[in-house]
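Chemist: Following is a predicted model, sequence given first.
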Amino acid sequence: MFILNITHKVDPDILQEWKDWMHQEHIPAIMDTGLFTNFQFSKVLFPRDEEGASFAIQLHCQELRLLQRFQAKFSNDFHAQMAQKYGTKCLSFRTVLELQQNS
């Protein structure tokens, strides 16, 4: 199992609008690509940031090649949509994780 983790730092001025947009439009559109099996939406508690809230979106994928397909075909467009809508009021970075089994 692989996870695309996208962490967003969100300006307080747009927080509720951003959360609504993420739940109603952005995440459903990502899931509609058919490349991810499920997702988690989490608030980052620590480290605490006085300038805004941070959230992690974790998109779960069965195969690395599917995650790579998302990055090659869709990722830039989704990032551009967010940048156009929120500019510097929402900053993000991505990491790719591989779920490890206990040995």
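Modeler: Okay, I see it. Residues are numbered from 1 along each chain as shown.
Chemist: List the contacts of stretch 91-103.
Modeler: Identification of contacts with stretch 91-103 by Cβ atoms under 8 Å, 6 or more residues apart in numbering yields 1-9, 58, 64, 67, 75, 79, 82. (Each C-beta comes from the backbone N, C-alpha and C, glycine too.)
Chemist: What's the local residue count around residue 54?
Modeler: 19 (other Cβ atoms under 10 Å).
Chemist: Which secondary structure state is assigned to residue 56?
Modeler: strand (DSSP: H, G, I helix; E, B strand; the rest coil).
Chemist: again with residue 97
Modeler: Residue 97 ends up strand, using three-state DSSP.
Chemist: To what extent is it buried, counted in neighbours?
Modeler: Residue 97: 13 neighbours (other Cβ under 10 Å).
Chemist: do the same with residue 20
Modeler: So residue 20, with other Cβ under 10 Å, has 11 neighbours.
Chemist: That one sits in which helix or strand?
Modeler: Residue 20 is part of helix 15-21 when elements are defined by DSSP states H and E.
Chemist: How are the strands of the chain distributed by residue range?
Modeler: Residue ranges of the strands in the chain, as given by DSSP state E, are 2-10, 38-44, 53-61, 90-98.
Chemist: Dump the ones you listed into CSV; add mean pLDDT and distance to residue 16 as well.
Modeler: Shown next, in CSV, are the strands of the chain (pLDDT from 0 to 100; distance: least, Cβ to Cβ, whole Å):
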stretch, mean pLDDT, distance to residue 16
strand 2-10, 96, 10
strand 38-44, 97, 13
strand 53-61, 97, 11
strand 90-98, 95, 13
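Chemist: Now those strands in TSV, please, with extra columns for distance to residue 23.
Modeler: Compiled in TSV, the strands of the chain are given as follows (distance: least, Cβ to Cβ, whole Å):
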stretch	distance to residue 23
strand 2-10	13
strand 38-44	7
strand 53-61	10
strand 90-98	14
